[in-house]
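> Fold the following and give me the result.
(2 chains)
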Protein chains: 2
Amino acid sequence: MIVVKIGGGEGIDYDVVCEDVAQLVAEGQRLVLVHGGSHMTNVVAEALGHPPRFVTSPSGYTSRLTDRAALEIFEMVYCGQINKNIVERLQARGVNAVGLSGIDGRLWQGTRKKAIRVVENGRKRIIRDTYTGKVEQVNTTFLNNLLDGGFLPVLTPPAISYAGEAMNVDGDRAAAVTAAALGAAELLILSNVPGVLRHFPDESSLIQQMTRAEIDHARREYAQGRMRIKLLGAAEALDGGVRRVLIGNARGKRPILQALDGKGTVIGD
Amino acid sequence: MIVVKIGGGEGIDYDVVCEDVAQLVAEGQRLVLVHGGSHMTNVVAEALGHPPRFVTSPSGYTSRLTDRAALEIFEMVYCGQINKNIVERLQARGVNAVGLSGIDGRLWQGTRKKAIRVVENGRKRIIRDTYTGKVEQVNTTFLNNLLDGGFLPVLTPPAISYAGEAMNVDGDRAAAVTAAALGAAELLILSNVPGVLRHFPDESSLIQQMTRAEIDHARREYAQGRMRIKLLGAAEALDGGVRRVLIGNARGKRPILQALDGKGTVIGD
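Alright, predicted model coming up:
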């Protein structure tokens, strides 16, 4: 069992991703695909006159500010455009994909943060009525039933709160929780960088191997931006029993097979 | 078993619809919900600078012209915004809803019409590269497995071609095929009119009862616009073994319960 997370940054080629998924599924690989959609969400939000807003937490993480209007645009792009595009591409390659968000069948359930602390111009403040949260429970029964039925689940945020509200969650960490809950051997986190870089954005500084113990150091010392959250997800997956986390490149030919071959950053013992 | 189709015209209140669905599900009713999204698709398409185009067939039916750009906007609204909004509302009311399009798990499969005949300014012409079609097969195994698992399927176009392409299909007729395939006792088609009107738009001319045999006459003589397609769907459902088709109002309080009480047009023997 493997879980593959494909980022939503600019320049992701879903055709080559689906090509690899189709090959692996044809070879009998049990697989769950998770995807993002941040770049296209920004484009559509701009076009609809609701430009995306990003906030920085006191601990230095940047994330999308998801009020109700932003959530609805987010759902249009993630659950509508990108999810169905991936499902269609897989179906055209003979894979019986089923696209689901975390709210469908309460696949990804957790606690909503109705207010978040942010830092703006060096000052802390609280923003209320946000639709964000963290996945705490995965409906593995539903996922395993789909897999046993010959379906390939294609999952995307949002998740759902215990009270039944849609909420934006980090896709990398949702994939990590899913991999741990399903007892996956490997979690692949593919995006538009080749892996963990010691000197971002110098791609020749790619780190090929990393242990679980080295993750905290990397997050503290040199990982930048989104990579810090991917590494947090990697740590959560490994702590949850996943054997290896592969952080690799979603661009270029055969992205999944390349990552499985160890072409990005391999994290584990 | 009942299938409920909720239209996507202006003024549909999804809260009252979901209230009724939640009550019926709590009473043990086996139910599949199908929804549209035409009005919001028009709004979003305008906002994104791809205004919707409509074409008229030689037999006088008006339908959305679905090229690839229109299909992607269609998917954003139907599968993203509206589908997930309905699923969220149902989840908040304790119904374990699962939102799916016809391409997911090949739920709705059929033949794509890559070119359509239209009439423009009195002259016939052919438009190519359209993504439209007709549902011919329903994946009832998948739907019944979901229902048996305690889930409520919330279905929306597009459907999928045998070659694996997404295609726009008429939601009313897709609901009719689904009702027939599932052996449903009743099909409800609710939209922003109170039922079949003899003198559209005079709502006092509501026809309360109609037999299968009277449908063809109604379609030929007095039904207008979208109602002609709803009646075609009604005929297809009845011919497929559905006992009664209820065409009713999606607006106002308790729309599903009102329709089940016979408040709209009841078609059957």
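
> Can you dump the C-alpha atoms of the helix or strand where residue A:135 lies in PDB for me?
Element membership of residue A:135, judged by DSSP states H and E, is strand A:123-138. Taking C-alpha atoms only, strand A:123-138 is exported to PDB below (Å, rounded to 0.1, in the frame of the first residue of the first chain):
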ATOM      1  CA  ARG A 123       2.100  42.500  15.500                       C
ATOM      2  CA  LYS A 124       0.000  39.500  16.600                       C
ATOM      3  CA  ARG A 125      -3.700  39.500  16.000                       C
ATOM      4  CA  ILE A 126      -6.600  37.000  15.800                       C
ATOM      5  CA  ILE A 127      -8.700  36.400  12.700                       C
ATOM      6  CA  ARG A 128     -12.100  34.900  13.200                       C
ATOM      7  CA  ASP A 129     -14.500  32.900  11.100                       C
ATOM      8  CA  THR A 130     -11.800  30.900   9.300                       C
ATOM      9  CA  TYR A 131     -12.600  27.500   7.900                       C
ATOM     10  CA  THR A 132      -9.300  25.700   8.600                       C
ATOM     11  CA  GLY A 133      -8.400  22.700  10.700                       C
ATOM     12  CA  LYS A 134      -6.400  19.500  11.000                       C
ATOM     13  CA  VAL A 135      -7.300  16.000  10.000                       C
ATOM     14  CA  GLU A 136      -7.400  13.700  13.100                       C
ATOM     15  CA  GLN A 137      -9.500  10.800  11.900                       C
ATOM     16  CA  VAL A 138      -9.500   8.900   8.600                       C
END
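
> elements contacting that strand?
helix A:68-75, strand A:108-120, strand A:159-161, strand A:166-167, helix A:171-181 (3 or more C-beta pairs under 8 Å, 6 or more residues apart in numbering or on different chains; DSSP states H and E). Any C-beta I mention is one placed from the backbone N, CA and C, and that applies to glycine too.

> Using a markdown table, lay out the ones you listed together with mean neighbour count and distance to residue B:12.
Below are the helices and strands packed on strand A:123-138 laid out as a markdown table (neighbours: other C-beta atoms under 10 Å in any protein chain shown; distance: least, C-beta to C-beta, whole Å):
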| stretch | mean neighbour count | distance to residue B:12 |
| --- | --- | --- |
| helix A:68-75 | 21 | 16 |
| strand A:108-120 | 17 | 27 |
| strand A:159-161 | 27 | 23 |
| strand A:166-167 | 29 | 19 |
| helix A:171-181 | 26 | 31 |
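
> tell me which parts of the stretch 1-150 of chain A are close to chain B?
A:44, A:47-49, A:72, A:75-81, A:83-85, A:87-88, A:91-94, A:96-101, A:103-106, A:142, A:145, A:149 (C-beta under 8 Å from any C-beta of the partner chain).

> Can you identify each of the helices in the stretch 1-150 of chain A by residue range?
Taking DSSP state H, counting those that start in this stretch as the test, the helices found in the stretch 1-150 of chain A are A:14-26, A:38-47, A:68-75, A:83-92, A:140-148.

> Out of those, which gets nearest to residue B:60?
helix A:83-92 (31.0 Å; C-beta to C-beta).

> for that closest one, packing partners?
By 3+ C-beta pairs under 8 Å, 6+ apart, helix A:83-92 packs against helix A:14-26, strand A:31-35, strand A:97-101, strand A:152-156, helix B:68-75.

> If we use 10 Å, what do you get?
helix A:14-26, strand A:31-35, strand A:97-101, strand A:152-156, helix B:68-75, strand B:97-101, strand B:159-161, strand B:166-167 (3 or more C-beta pairs under 10 Å, 6 or more residues apart in numbering or on different chains; DSSP states H and E).

> Kindly report the residues of the stretch 151-269 of chain A close to chain B.
A:151-154, A:156, A:158, A:160-161, A:163-167 (C-beta under 10 Å from any C-beta of the partner chain).

> Just flag the most distant two among those.
Going by C-beta to C-beta, the pair spanning those furthest: A:152 and A:163, at 30.3 Å.

> Neighbour count for the two, which is higher?
residue A:152 (24 against 10; other C-beta atoms under 10 Å in any protein chain shown).

> From residue B:146, how far off is the residue nearest to the more buried one when sequence neighbours are not counted?
What sits nearest to residue A:152 in space, not counting adjacent residues and going by C-beta to C-beta, 6 or more residues apart in numbering or on different chains, is residue A:97, at 4.7 Å. Separation of residue A:97 from residue B:146 (C-beta to C-beta, to the nearest Å): 16 Å.

> so which of the helices and strands packed on helix A:83-92 comes closest to residue B:247?
Nearest of the helices and strands packed on helix A:83-92 (C-beta to C-beta): strand B:159-161, 22.2 Å.

> related to what we said a few turns ago, are any of the residues of the stretch 1-150 of chain A next to chain B buried, and if so which?
A:44, A:48, A:72, A:75-81, A:83-85, A:87-88, A:91-93, A:96-101, A:103-106, A:142 (16 or more other C-beta atoms under 10 Å in any protein chain shown).

> and residue A:52, how many residues sit next to it?
By other C-beta under 10 Å, neighbour count at residue A:52 equals 17.

> now swap in the one 10 residues further on and tell me
When counting by other C-beta under 10 Å, one arrives at 13 neighbours for residue A:62.

> roughly how far is the helix or strand of chain A with the lowest mean pLDDT from the heart of the chain?
Every helix and strand in chain A was compared by mean pLDDT, DSSP states H and E; the lowest is strand A:62-64, with a mean of 87. The chain centroid and the centroid of strand A:62-64 are separated by 14 Å under C-alpha atoms, centre = their mean, to the nearest Å.

> Pairing partners for that strand, with directions?
strand A:54-56 (antiparallel) (DSSP bridges).

> in the partner strand, what's buried?
Across strand A:54-56, burial judged by 16+ other C-beta under 10 Å covers residue A:55.

> Show me what residue A:63 is bridged to.
Bridge pairing for residue A:63 - DSSP bridges - gives residue A:55.

> Pull up the gap between it and chain B, please.
20 Å (C-beta to the nearest C-beta, to the nearest Å).

> That residue contacts residue A:132, doesn't it?
Yes: applying C-beta atoms under 10 Å, one finds residue A:63 in contact with residue A:132, separated by 7.3 Å.

> All set, thanks.
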